[in-house]
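>>> Build me a model from this:
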Amino acid sequence: MFRIGLAGGIGSGKSRVSELFAARGIPVFDCDSQAKSLMSGNHSIRESLIEATGIDFYCGEYIDKERLSAFIFSSPDNAASVNGVIHPMVLECFDKWCEELEQEGVQVCAVESAILFESGLRSHIDFVVVVDAPDRLRIKRAMMRDGAARDSIIRRKNAQMSRKKMLSQADAVIDNSGDEVNLNKETGRVLEIIMSSVRQINNQ
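Next comes the predicted model:
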């Protein structure tokens, strides 16, 4: 199975590109949603997070997402301590998901992750697509989406891999600096590159 990785910084529009991939028949695994699902009411993960961070982020059976997010984005060490607990489990779920799809005859799938490179996911995929837009536009979009203050979004952006470094590791880039029509065209262009590669592999 050919695995596509969808990456991009905050406000880049990678979730929208995931929707466009799915609309074109490509199944997409959302790492963020999977991580939240694993953390909800899972006592083993709760205990591991407390051991790794010294903090109980739960209210009853459910994770306090705002508190956890504030902790993660306050320092790289904090993010690493949480990701070290969660992401090995997310990767295991992703690999199992891919195996099930392959058994159903699916040839191409995608995975969306905000920390594709940092989490170790890169070694599980064949082709990296980075969704990109200028910092100014990304900040504006994230502020509107989350109803958050500019300073808060900038802190989160700065806690992520730099735009320059992320782009340097991309196999293809989707430019999301324009409107929805442009994004559809860009997504189609990149998907055609990917499907051409898949066809070549299948013909070897």
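>>> At which residues are the strands of the chain located?
For the chain, strands defined by DSSP state E occupy the ranges 2-7, 28-30, 58-59, 62-63, 108-112, 127-132, 172-175.
>>> contact partners of the second one?
Meaning strand 28-30. 6, 15, 18, 21, 22, 94, 97, 98, 109, 110, 111, 112 (C-beta atoms under 8 Å, 6 or more residues apart in numbering). Placement of C-beta: from N, CA and C, glycine included.
>>> quick one: strands adjacent to that strand?
strand 108-112 (parallel) (DSSP bridges).
>>> Pull the contacting residues for the nearest residue to residue 195 once chain neighbours are set aside.
Once flanking residues are discounted, residue 195 sits nearest to residue 108: 7.4 Å by C-beta to C-beta, 6 or more residues apart in numbering. Going by C-beta under 8 Å, 6+ apart, residue 108 touches 1, 2, 4, 26, 194, 195, 198.
>>> For beta bridges, what are the partners of residue 108?
Residue 108 has the following beta-bridge partners by DSSP bridges: residue 2.
>>> ok, now how distant is it from residue 4?
As judged by C-beta to C-beta, to the nearest Å, residue 108 and residue 4 stand 7 Å apart.
>>> now residue 196
13 Å.
>>> Between the two, tell me which one has more neighbours.
Neighbours per residue, other C-beta atoms under 10 Å: of residue 196 and residue 4, the larger number sits with residue 4, 23 against 10.
>>> pretty sure the more buried one is in contact with residue 127, am I right?
Yes. Using C-beta atoms under 8 Å, residue 4 is in contact with residue 127, at 5.1 Å.
>>> anything in contact with each of these two?
residue 194.
>>> any idea how far the residue nearest to residue 195 is from residue 1?
For residue 108, the distance to residue 1 - C-beta to C-beta - is 7 Å.
>>> Also residue 189?
Following C-beta to C-beta, the distance that separates residue 189 from residue 1 is 23 Å.
>>> go on, residue 40?
Distance from residue 40 to residue 1, by C-beta to C-beta: 28 Å.
>>> likewise residue 27?
10 Å.
>>> contacting residues around the spatially most central residue of the chain?
For the chain, residue 113 is the residue whose C-alpha lies nearest the centre (C-alpha atoms, centre = their mean; 1.2 Å). Residue 113 makes contact with 5, 6, 7, 31, 32, 119, 121, according to C-beta under 8 Å, 6+ apart.
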